[in-house]
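Asker: structure, please.
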Amino acid sequence: MNTADLIAEAASLPLEERARLVDSLLQTLNPADDSITAAWLAVARRRLDDLDSGRVEAIPGDQVLERVRARLKQ
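Answerer: Purely as a prediction, here's the structure:
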């Protein structure tokens, strides 16, 4: 099987299967570093705790994008 055939076959997979395939291929190019993964997990847990405790308030994504667009126009 050549690359073009492989790509065509992969493209015919359902979305979830294609996502899993892409993730697997990317991991072969850039293997996960356990220390970096652990650091990001700690950040994610801290941020979730901040949201759950009410220390920070979430801002809807559309408002964030509106602010970014406004700043870029300046």
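
Asker: where in this protein is pLDDT low?
Answerer: Within the chain, the set of residues satisfying pLDDT under 70 is empty.

Asker: for the protein, which helix is longest?
Answerer: Of all the elements of type helix in the chain, the one with the most residues (DSSP state H) is helix 34-53.

Asker: next SSE after that helix?
Answerer: For helix 34-53, the following helix or strand on the C-terminal side (DSSP states H and E) is helix 61-73.

Asker: quick check: can you list the domain ranges of the chain?
Answerer: Following automatic domain parsing, one finds the domains of the chain at 1-31, 34-74.

Asker: remind me which helix or strand the residue positioned nearest the centre of the chain belongs to.
Answerer: Note on the chain: the residue nearest the mean C-alpha position is residue 23, at 10.6 Å, using Cα atoms, centre = their mean. Taking DSSP H and E as the definition, one finds residue 23 inside helix 15-29.

Asker: residues making contact with that helix?
Answerer: Helix 15-29 is contacted from outside by 10-11, 13, using Cβ atoms under 8 Å, 6 or more residues apart in numbering. Heads up, the C-betas are built off the backbone N, CA and C, glycines and all.

Asker: try it again with 6 Å
Answerer: Outside helix 15-29, the residues within contact range by Cβ atoms under 6 Å, 6 or more residues apart in numbering are residue 10.

Asker: any idea how far it is from the middle of the chain?
Answerer: 13 Å (Cα atoms, centre = their mean, to the nearest Å).

Asker: kindly export that helix (C-alpha atoms) in CSV.
Answerer: Extracted in CSV, the C-alpha atoms of helix 15-29 (Å, rounded to 0.1, in the frame of the first residue of the first chain):
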residue,chain,number,x,y,z
LEU,A,15,-14.3,11.2,12.6
GLU,A,16,-13.4,9.7,16.0
GLU,A,17,-11.2,7.0,14.3
ARG,A,18,-9.5,9.7,12.2
ALA,A,19,-8.8,11.8,15.4
ARG,A,20,-7.4,8.7,17.1
LEU,A,21,-5.2,8.0,14.1
VAL,A,22,-3.9,11.6,13.9
ASP,A,23,-3.2,11.6,17.6
SER,A,24,-1.3,8.3,17.4
LEU,A,25,0.8,9.6,14.4
LEU,A,26,1.6,12.9,16.1
GLN,A,27,2.8,11.0,19.2
THR,A,28,5.3,9.2,17.0
LEU,A,29,6.7,12.5,15.8
